[in-house]
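In: My questions concern the predicted model and sequence given below.
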Amino acid sequence: MKHITCIEDLRQVHKRKVPKAFFDYADRGSYSEDTLRANVDDLQQIKFRQRILVDVSKRDLSTTILGEPAALPLILAPVGLTGMQYGDGEIHACRAAQAAGIPYTLSTMSICSIEDVAANVDKPFWFQLYVMKDRGFIKALIERAIAAKCSALVLTVDLQVIGQRHADIKNGMTVPPEWSLSKLVDFATKPAWVAGVLRGKRRTFGNLVGHLKGTDDITALGTWIATQFDTTLNWKDVEWIRSIWPGKLILKGILDVEDAEEAAKTGAQALVVSNHGGRQLDGAPSSIEVLPEVVDAVGSRIEILFDGGIRSGQDVMRALALGAKSCMIGRAYIHGLGAYGGPGVAKALDIIRNELSVTMGLCGVNTIAEIDDHVLAI
Ligand SMILES: Cc1cc2nc3c(=O)[nH]c(=O)nc-3n(C[C@H](O)[C@H](O)[C@H](O)COP(=O)(O)O)c2cc1C
Ligand SMILES: CCCCCCC(=O)C(=O)O
């Protein structure tokens, strides 16, 4: 991997190695992809203030996330179907995160189940919850996360309905997957990927085994989600989840100050400023655009995490400078996983760690706690 120097390099290898339907599922966004592009572009437009002749020999990237020590201000975000990017992808990603000293979040829509991951990693991980119509199942899922000793519950609040991803429809991303000749040819040219996925523990949604409904007919992702996910979800349900989940609770998908105010009243320990990586409300502002106002409004009452568009350590520094306590990354690590499995995730984390360390040095700061808007040229 000597020739891999940035996340875009990992993305190019990911694109080459993984079937188009799964690469596009990871890489693309909803509708016109304006919000997806804005996430990346708005971050990149933020300029740093170069500072010179400061002793930066003792740079320390460690921090705390929800009160727990972390080696970096980073978290691996929940990503559905991770095990379709690379066989047992959830386990490989979780191990890489734990080796790097940061939290990993397992998606409800993962391929490996909560129990698969728990049995194959050393430390607790976070579990992300999607609320479906069958509340008995959701309660059981939360109980499984408790039994697996998950150390935080991330309740995603921005996907009651799914923003259409045109690429997924064109690629026949359905539940169960739709087969076509061109898909078979594409798979046939990726034998290493096929072998890896076949060696993996599962090829369906591991957490939903025994509960998959509405999959007798092939239905597009959006249609299937409409049959499963609960569109009635509201703040009262957050109270219900708070009452049955005894641990740390994080609300993911906040993009509005009024919603952030509500979130701060729920007893959740953190919220994630997020537009779901530009995969949901196309036309919504970029995450970085709304971060400062959310921090101003509720940052003293609830920990503010951030995601959307982070492709480098410079981007992490930008989000921290605007008030995020830590950042989640989605595609940046999924590109590493699709490219090289667990070592690819480790490589993505190395790249971001080194970029952040160098950026801190060139801005004249030694610790994460020192990063605020004085590092920006604004
Ligand atoms: C392929 C993919 C699948 C995702 N699946 C989930 C999911 O199951 N649950 C969730 O809360 N967020 C999901 N997300 C959103 C991420 O958790 C995160 O918010 C987003 O990726 C951040 O943007 P970034 O990819 O630009 O870093 C997914 C994102 C991607 C790219
Ligand atoms: C295949 C079902 C995907 C459910 C939603 C996962 C997600 O949050 C995303 O794709 O984004």
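Out: The structure has been received and is ready for your questions. Ligands and ions are numbered 1, 2, ... in the order given.
In: May I ask you to confirm that residue 61 is in contact with residue 73?
Out: Yes: Residue 61 lies in contact with residue 73 (CB atoms under 8 Å); the separation is 7.3 Å. Heads up, the C-betas are built off the backbone N, CA and C, glycines and all.
In: what do the two both touch?
Out: Residues touching both residue 61 and residue 73 by CB atoms under 8 Å, 6 or more residues apart in numbering: residue 368.
In: What does residue 5 show for phi and psi?
Out: Backbone torsions for residue 5, taken as degrees, to the nearest 10, come to phi -120, psi -10.
In: Confirm for me that it is in contact with residue 351.
Out: Yes: contact criterion CB under 8 Å: residue 5 and residue 351 qualify, at 7.3 Å.
In: in stretch 20-40, what's buried?
Out: The neighbour-count check on stretch 20-40 (16 or more other CB atoms under 10 Å) flags 20-31, 33, 35-36, 38-40 as buried.
In: can you tell me which of these are in strands?
Out: Taking DSSP state E as the definition of strands, the buried residues of stretch 20-40 contribute nothing to them.
In: just the residues you listed that are near ligand 1?
Out: Filtering those for proximity to ligand 1 by CB under 6 Å from any ligand atom leaves 25-26, 39.
In: any idea how far the residue of the chain most remote from its centre is from residue 361?
Out: Most distant residue from the mean C-alpha position of the chain: residue 53, 37.0 Å away (CA atoms, centre = their mean). Relative to residue 361, residue 53 is positioned 12 Å away (CB to CB, to the nearest Å).
In: Equivalent analysis for residue 355, please.
Out: Distance, residue 355 to residue 361, using CB to CB: 11 Å.
In: Ok, residue 23 next?
Out: Residue 23 sits 35 Å away from residue 361, going by CB to CB.
In: Residue 328 now?
Out: 24 Å.
In: Between those two, which is the more surrounded one?
Out: With neighbours defined as other CB atoms under 10 Å, residue 328 and residue 361 compare such that residue 328 has more, 28 against 15.
In: Show the contacting residues for that one.
Out: 74-77, 105, 252, 272, 274, 305-307, 310.
In: can you tell me which of those are in strands?
Out: 74-76, 105, 252, 272, 305-306.
In: from those, which are also near ligand 1?
Out: Near ligand 1, judged by CB under 6 Å from any ligand atom, the entries from these are residue 252.
In: Would you check which pair of the ones in strands among the contacts of residue 328 lies furthest apart?
Out: 74 and 252 (15.2 Å; CB to CB).
In: With neighbour numbers in mind, choose between those two.
Out: Set residue 74 next to residue 252 and count neighbours by other CB under 10 Å: residue 74 wins out with 28 against 25.
In: So for that one, what's the pLDDT?
Out: Confidence at residue 74, expressed as pLDDT, is 98.
In: same check, this time on residue 373
Out: pLDDT recorded at residue 373 is 98.
In: And residue 178, by the same measure?
Out: 79.
In: Checking my notes, it in a strand, right?
Out: No: assessed with DSSP: H, G, I helix; E, B strand; the rest coil, residue 178 is coil; it does not lie in a strand.
In: So the closest residue to it other than its chain neighbours versus ligand 1, what's the distance?
Out: Take residue 178 and drop its neighbours on the chain: the residue closest to it by CB to CB, 6 or more residues apart in numbering is residue 172, 3.9 Å away. Separation of residue 172 from ligand 1 (CB to the nearest ligand atom, to the nearest Å) stands at 16 Å.
In: Please apply the same query to residue 104.
Out: Distance from residue 104 to ligand 1, by CB to the nearest ligand atom: 12 Å.
In: circling back: for the residue nearest to residue 178, what are phi and psi?
Out: Per degrees, to the nearest 10, the backbone of residue 172 is at phi 70, psi 40.
In: Please apply the same query to residue 367.
Out: Dihedral angles for residue 367 - degrees, to the nearest 10 - are phi -130, psi 160.
In: list the contacts for it?
Out: Taking CB under 8 Å, 6+ apart, one finds 59-60 in contact with residue 367.
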